[in-house]
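Q: A structural model of the following input is requested.
(one chain, ligands or ions: 2)
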Amino acid sequence: MDRHKKIAPSILAADFSCLSEEIRAVEAAGADLIHVDVMDGRFVPNLSLGPRIVEAIRRMTRLPLYLHLMIERPDSFIEPFVQAGADSIIVHVEATPHLHRTLQQIKQTGVRTGVALNPATPLSAVEEILDEIDLLLVMSVNPGFSGQRFIPTVIKKIRTARRRLDAKARPPLLEVDGGLRIENVKPLSAAGVDLFVSGSAIFRSGDYKKAIAAMREAIETGERV
Ligand code: DX5
Ligand code: ZN
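A: Ligands and ions are numbered 1, 2, ... in the order given. Modelled structure (predicted):
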């Protein structure tokens, strides 16, 4: 089913001792794509995984893999992650000094381009590259860990982002990541989010199908607001 608004479970909150079962379970439960958090212990105070694990994940699912790179100077890792099977590479505006060049590099590999903004980074930081990206990711927690509290001021930022993106001939998708719960998904959907990333609300729920369905319902209710 090709839905306009999509749910992307973040495997950071999954049980890594049985990652393939976890990924198959969220796929069966109705996930639209898989969000893979890559951390370097420098850009964010945590480490996660590299291309070899992404390559293994690629073999576990048919869902698109969207890689959220929370790493400094990501340029040298773009090619290995694309080879590993990424469908989209999202880099942080704060992590690369030559964002335009980094985006050209991603484009040349043929995968979708994305840029992420930390909560403290203004939208103006991406103004000049909006025509170069397929996706804008607005972080609603400071990246590094799953299970953090949602920062409510992000809703206003999302609304503004929606307007700026809609002014484009080919508007990039708008994604939100961090602290999503049923209560904030509805206003986020109303504010114009297309892609909802969720870690703990899905993987710590005990019933993935129920959690995804409830989130989907909140998204659809928000759409009607
Ligand atoms: C945070 C990551 C998120 C995180 C989301 O650095 O980018 O993708 O896993 O997890 P929750 O939904 O638990 O905040
Ligand atoms: Zn993420």
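Q: for the closest residue in space to residue 58 that isn't next to it in sequence, what are its contacts?
A: Nearest non-adjacent residue to residue 58, counting by CB to CB, 6 or more residues apart in numbering: residue 85, 3.1 Å away. No exception for glycine: its C-beta is placed from N, CA and C like everyone else's. The neighbours of residue 85, taking CB atoms under 8 Å, 6 or more residues apart in numbering as the test, are 54-55, 57-58, 65.
Q: which single residue of this protein ends up nearest ligand 1?
A: For the chain, the residue positioned closest to ligand 1 under CB to the nearest ligand atom is residue 199, at a distance of 2.7 Å.
Q: any idea how far ligand 2 is from that residue?
A: Going from residue 199 to ligand 2 by CB to the ion, to the nearest Å gives 8 Å.
Q: one more: residue 94?
A: As defined by CB to the ion, residue 94 lies at a distance of 14 Å from ligand 2.
Q: need the contact list for that residue.
A: By CB under 8 Å, 6+ apart, residue 94 lies in contact with 43, 117-118, 121, 125.
Q: in PyMOL, how would I select just the buried ones from those residues?
A: Command for PyMOL that selects the buried part of those, burial taken from 16 or more other CB atoms under 10 Å:
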select buried, resi 43+117+118+121
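Q: for my notes, confirm residue 214 occurs in a strand.
A: No - Residue 214: not assigned to a strand; according to DSSP: H, G, I helix; E, B strand; the rest coil it is helix.
Q: thank you, goodbye.
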